[in-house]
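K.L.:
predicted model follows, preceded by the sequence.
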Amino acid sequence: MEEAAIVLMLKEKESGFLTKELGCYTVSGKESLLDRIYAEETDDGIVVHMALGCEKEAEDWEYDAIFDYYDADALQDVVDIVAEEEGHLNPVWVVTFPFQDEAEAMEQRLSAILQAHDAELQSVYAAIVDKKDDYCEQ
């Protein structure tokens, strides 16, 4: 299995510019599900925003079906918030969680998020395989 490096940058709220590298993390597997990642400073500390997508291009009818069948609770053990983000070609979810200074802990969390997201996507794909008629107008 190939490894991928994920660089986490701090994003300045006012300008939107990425201003500082917080860390570089190695993950193995499912890194293709990562759309983008950055961190922001908040009153509660540094919060990581991670956008998760799909590996395959969704057909028009699948777009809504994937969102409908995706259970955000599947990620509740590894993230604080899961939010759908519309306006993309394929479904995207943005998850947030607190930044951890310990590199190994961040790598484990990133891998756990990607694994949980992938498992939920596989479940969704299996659940919607025969739902095309429910989502297509006749």
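P.N.:
Structure received.

K.L.:
show me the contacts for the residue nearest in space to the middle of the chain.
P.N.:
By Cα atoms, centre = their mean, the chain has its centre lying nearest to residue 52, at 2.3 Å. Residue 52 sits next to 33, 34, 35, 92, 93, 94, 95, 113, 114, 117 when contact means Cβ atoms under 8 Å, 6 or more residues apart in numbering. Every C-beta, even on glycine, is put in place using the N, C-alpha and C of the backbone.

K.L.:
scan the protein for its longest helix.
P.N.:
helix 103-128 (DSSP state H).

K.L.:
that one packs against which elements?
P.N.:
Counting by 3 or more Cβ pairs under 8 Å, 6 or more residues apart in numbering; DSSP states H and E, the packing neighbours recorded for helix 103-128 are strand 18-28, strand 45-52, helix 60-69, strand 93-98.

K.L.:
about what we covered before: ok, the contacts of residue 52 vs residue 46, which is closest?
P.N.:
Set against residue 46, the nearest of the contacts of residue 52 by Cβ to Cβ is residue 95 (14.9 Å).

K.L.:
for residue 6, see how far away the residue lying closest to the closest one once chain neighbours are set aside is.
P.N.:
Spatial nearest neighbour of residue 95, excluding adjacent residues (Cβ to Cβ, 6 or more residues apart in numbering): residue 79 at 4.1 Å. As defined by Cβ to Cβ, to the nearest Å, residue 79 lies at a distance of 15 Å from residue 6.
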